[in-house]
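Undergrad: structure for the following, please:
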Amino acid sequence: MATITGLLGGKPGMISGAAGALAVVVADLTIDDGVLGYLPIEQRLDVLYMTMFVCGLAQILFAVLRLAKLVRLIPETGMIGFMIIFMAQLPAFQRCDDAPRFVECKLEQRKWLTFQDDTSQLILTLVHVAICMAIMKFFPSVPKIGKIVPASLVGLLVGTLIEHTLFRQVFDVSTRTVEETAQMSGSLPKFDWPEVPRDSETMTNIIVFGVTLAAIGSVESVLTLQACNEITDTVPKISDSNQELFAQGLANLVSGLFRAMGGDAMIGQSTINIMNGARYRVSSTMSGLFMLSFVVALSPFIELLPVATLTGVLFMVVLSTFQWKTFNILRYGRLSDSLAIVIVTLIAVMYNLAIAIAVGIIFSALIHAWDSGRHVSADIEHKAMIVNKEEKFVKYVHMKGSIFFGSAREFINLFSVAEDPETIIIDFKDALVIDHSAVAAIQGITTRFEKADKTVLLTNLPTKSKGRLQRTGDHEMLRKQITDSEHLKDVEGGGSAMGQQEYNDETPRSAATTAAQRKKDGKKQPKSLQELQMFNSSVEGVEMELNNLEKMQGNVSVHSKKDEGQFSNE
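TA: Prediction:
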């Protein structure tokens, strides 16, 4: 899984594997009281592998159809709640005495570590977590080696050394290690086509769980890619997301054929890798090869690691990737945004990520529809107008906003058959007809007014709105309704029947009228003072005029009004 996605994935440095978001769903296929409880464990595992094969096919189909762009439908408040890494680390503070390994214990057999019954073990577990977190926090600041050696690796080595030299040898107290949690040793994978029962119930479960896992894996992988882009300040591309989906699908398909669980992008490991400086495919590809070597040959070393130290590493991932702005949103944000965060988080923990994201999208979409429906408005005027060369008293409704199922009722309430005049003009210059509910509302108003011998005209319809009306509306009715704005004119004080006032030289004209006349005469409309004619006289003409005035100065005399009462020329 990690090797294939490392080579072909959309983001160099991202690591994929058996992520917790998928493990929660997969567990229902393998546990005794799950949906496949009627099958023996060997057949349940075969069904799991076939389910991963179907999951891979679905993800490849998602990539071919370029469905990664649908992630933009997920609201920000839905993305905030998808982090469940912290919850997955809590079993590190549990113990089980009823089985050789922790993973073999059922949930009811596991017990929480307490200060009353497990004082030493709980304290040392907390010490492991604290030491590892401190190393990851401060080791990168160490000169020279801090930027070369990964802090997480140093934390794991120090934790292992403390566990086996200090805690066990000196204090005679131990914490749970990987060996006591699950078996790590294994062999090279072999091709094996899963043999599954052919009954309808099993096949239905394979398809349903396969598509569900594909949806969860796709969403988490794309969101993890976005989180890694934020760390590296990389501009996200939809093509990278679709490439990641294809790589995830191919990896899951191959995993199902080699008896492996499969998975998706792991935000914890990916974030650690990127934070430690990984920027190329070598790191993510080698993670898969190293994992294979650990399982096949180096499992005795891995089994020495304390689980609490691994928990410390992932706690640091939680702190670095957690959306701290969540608390500001919960306190100061809108109530709907706060509810979306809480709902998505709770459902992701209680059920799975796919259901949580779907509920988050639906909840946010309903809130948006409710708010948008309240924002539709109109400017209404009752005035005389020239409608198709006839002067009529009309109700002119200038709509603003989007008309759809959420605002259709507000739109209908703007009109009254009993009180409105015989002609209604609805101007859609600043409005949009979004869906069939809007089309039905317009047709309903038209029909009611038509029965009362009144007319509803539509003008300034945007191209898309007109297309929606013509696709699902009454074509005959629309031909009568849709009116060009050129056939609608206001009647201004004392105008002619067409609403065009006769002007003469003594009639004062508005700026708009003067501009229109200039356009009609072919004259250019001046855009600045410098373009006015009075500022465009030639310099030669001005100098000539000044010279003429100087010559005339001697031939002009000024007489007192008392003497002659007039001016004369000598």
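Undergrad: all contacts plus neighbour counts: C-alpha atoms, from now on.
TA: OK.
Undergrad: does residue 99 really touch residue 106, like I thought?
TA: No: at 9.3 Å, residue 99 and residue 106 do not qualify as touching, with contact defined as C-alpha atoms under 8 Å.
Undergrad: strands along the stretch 51-200 of the chain, start to end?
TA: 94-95, 111-112 (DSSP state E, counting those that start in this stretch).
Undergrad: so which of the ones you listed is nearest residue 61?
TA: Among those, strand 94-95 comes nearest to residue 61, with 40.8 Å by C-alpha to C-alpha.
Undergrad: the closest one - contacts with which helices or strands?
TA: Packing partners of strand 94-95 (3 or more C-alpha pairs under 8 Å, 6 or more residues apart in numbering; DSSP states H and E): strand 111-112.
Undergrad: what helix or strand is residue 425 located in?
TA: strand 423-433 (DSSP states H and E).
Undergrad: residue contacts, residue 413?
TA: By C-alpha atoms under 8 Å, 6 or more residues apart in numbering, the contact set of residue 413 is empty.
Undergrad: the same query, at a cut-off of 10 Å, please.
TA: residue 445 (C-alpha atoms under 10 Å, 6 or more residues apart in numbering).
Undergrad: per-residue pLDDT, it?
TA: We have a pLDDT of 92 for residue 413.
Undergrad: give me the phi and psi angles of it.
TA: Note on residue 413: backbone dihedrals following degrees, to the nearest 10 are phi -70, psi -10.
Undergrad: got it, and residue 396?
TA: Main-chain dihedrals, residue 396, degrees, to the nearest 10: phi -100, psi 120.
Undergrad: same check, this time on residue 458
TA: In terms of degrees, to the nearest 10, the main-chain angles of residue 458 are phi -120, psi 130.
Undergrad: before we move on, what about residue 350?
TA: In this entry, residue 350 is assigned phi and psi values of phi -80, psi -30 (degrees, to the nearest 10).
Undergrad: mind checking the SS state of residue 447?
TA: The three-state label given to residue 447 by DSSP: H, G, I helix; E, B strand; the rest coil is helix.
Undergrad: and the host helix or strand of residue 42, what does it pack onto?
TA: Using DSSP H and E, residue 42 falls within helix 41-64. Under the contact criterion of 3 or more C-alpha pairs under 10 Å, 6 or more residues apart in numbering; DSSP states H and E, helix 41-64 touches helix 20-30, helix 200-232, helix 238-257.
Undergrad: between that helix and helix 200-232, how big is the angle?
TA: If you take axes from the mean of the first three to the mean of the last three C-alpha atoms, to 10 degrees, helix 41-64 sits at 50 degrees to helix 200-232.
Undergrad: alpha carbons only: can I get helix 41-64 in PDB?
TA: In PDB, the C-alpha atoms belonging to helix 41-64 read as follows (Å, rounded to 0.1, in the frame of the first residue of the first chain):
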ATOM      1  CA  ILE A  41     -13.300 -16.500  10.500                       C
ATOM      2  CA  GLU A  42     -11.400 -17.800   7.400                       C
ATOM      3  CA  GLN A  43     -14.300 -16.900   5.100                       C
ATOM      4  CA  ARG A  44     -14.700 -13.500   6.800                       C
ATOM      5  CA  LEU A  45     -11.100 -12.700   6.000                       C
ATOM      6  CA  ASP A  46     -11.600 -13.700   2.400                       C
ATOM      7  CA  VAL A  47     -14.700 -11.400   2.200                       C
ATOM      8  CA  LEU A  48     -12.500  -8.600   3.600                       C
ATOM      9  CA  TYR A  49      -9.900  -9.100   0.900                       C
ATOM     10  CA  MET A  50     -12.600  -9.100  -1.800                       C
ATOM     11  CA  THR A  51     -14.100  -6.000  -0.300                       C
ATOM     12  CA  MET A  52     -10.800  -4.200  -0.500                       C
ATOM     13  CA  PHE A  53     -10.600  -5.300  -4.200                       C
ATOM     14  CA  VAL A  54     -14.000  -3.700  -4.800                       C
ATOM     15  CA  CYS A  55     -12.900  -0.700  -2.900                       C
ATOM     16  CA  GLY A  56      -9.900  -0.300  -5.200                       C
ATOM     17  CA  LEU A  57     -12.000  -0.600  -8.300                       C
ATOM     18  CA  ALA A  58     -14.400   2.100  -6.900                       C
ATOM     19  CA  GLN A  59     -11.500   4.500  -6.100                       C
ATOM     20  CA  ILE A  60     -10.100   4.100  -9.600                       C
ATOM     21  CA  LEU A  61     -13.500   4.900 -11.000                       C
ATOM     22  CA  PHE A  62     -13.600   8.000  -8.800                       C
ATOM     23  CA  ALA A  63     -10.300   9.100 -10.200                       C
ATOM     24  CA  VAL A  64     -11.400   8.500 -13.800                       C
END
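Undergrad: tell me what angle that helix forms with helix 20-30.
TA: Computed by the same axes, to 10 degrees, the angle separating helix 41-64 from helix 20-30 equals 140 degrees.
Undergrad: who does the strand holding residue 425 pair up with?
TA: Note on strand 423-433: by DSSP bridges, its sheet partners are strand 390-403 (parallel), strand 455-459 (parallel).
Undergrad: run the chain-centre distance for the last one.
TA: Right, strand 455-459. Centre-to-centre, strand 455-459 and its host chain are 39 Å apart (C-alpha atoms, centre = their mean, to the nearest Å).
Undergrad: in it, what counts as buried?
TA: 455, 456, 457, 458, 459 (16 or more other C-alpha atoms under 10 Å).
Undergrad: hang on, the fourth one packs against residue 433?
TA: No: because the distance of 11.9 Å does not satisfy C-alpha atoms under 10 Å, residue 458 is recorded as not touching residue 433.
Undergrad: of the helices and strands packed on helix 41-64, which stretch is the most buried?
TA: Across the helices and strands packed on helix 41-64, averaging neighbours per residue (mean count of other C-alpha atoms under 10 Å) puts helix 238-257 on top, at a mean of 25.
Undergrad: please state the offset of that one from the chain centre?
TA: Using C-alpha atoms, centre = their mean, the offset of helix 238-257 from its chain centre is 21 Å.
Undergrad: export the strands paired with strand 423-433 to TSV and tack on distance to residue 92?
TA: What follows is the strands paired with strand 423-433, written out as TSV (distance: least, C-alpha to C-alpha, whole Å):
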stretch	distance to residue 92
strand 390-403	53
strand 455-459	68
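Undergrad: tabulate these (a markdown table), appending mean pLDDT and distance to residue 63.
TA: What follows is the strands paired with strand 423-433, written out as a markdown table (pLDDT from 0 to 100; distance: least, C-alpha to C-alpha, whole Å):
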| stretch | mean pLDDT | distance to residue 63 |
| --- | --- | --- |
| strand 390-403 | 92 | 33 |
| strand 455-459 | 93 | 43 |
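Undergrad: about what we covered before: now mean pLDDT and mean neighbour count too, for the strands of the stretch 51-200 of the chain, in a markdown table please.
TA: Below are those laid out as a markdown table (pLDDT from 0 to 100; neighbours: other C-alpha atoms under 10 Å):
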| stretch | mean pLDDT | mean neighbour count |
| --- | --- | --- |
| strand 94-95 | 91 | 17 |
| strand 111-112 | 92 | 14 |
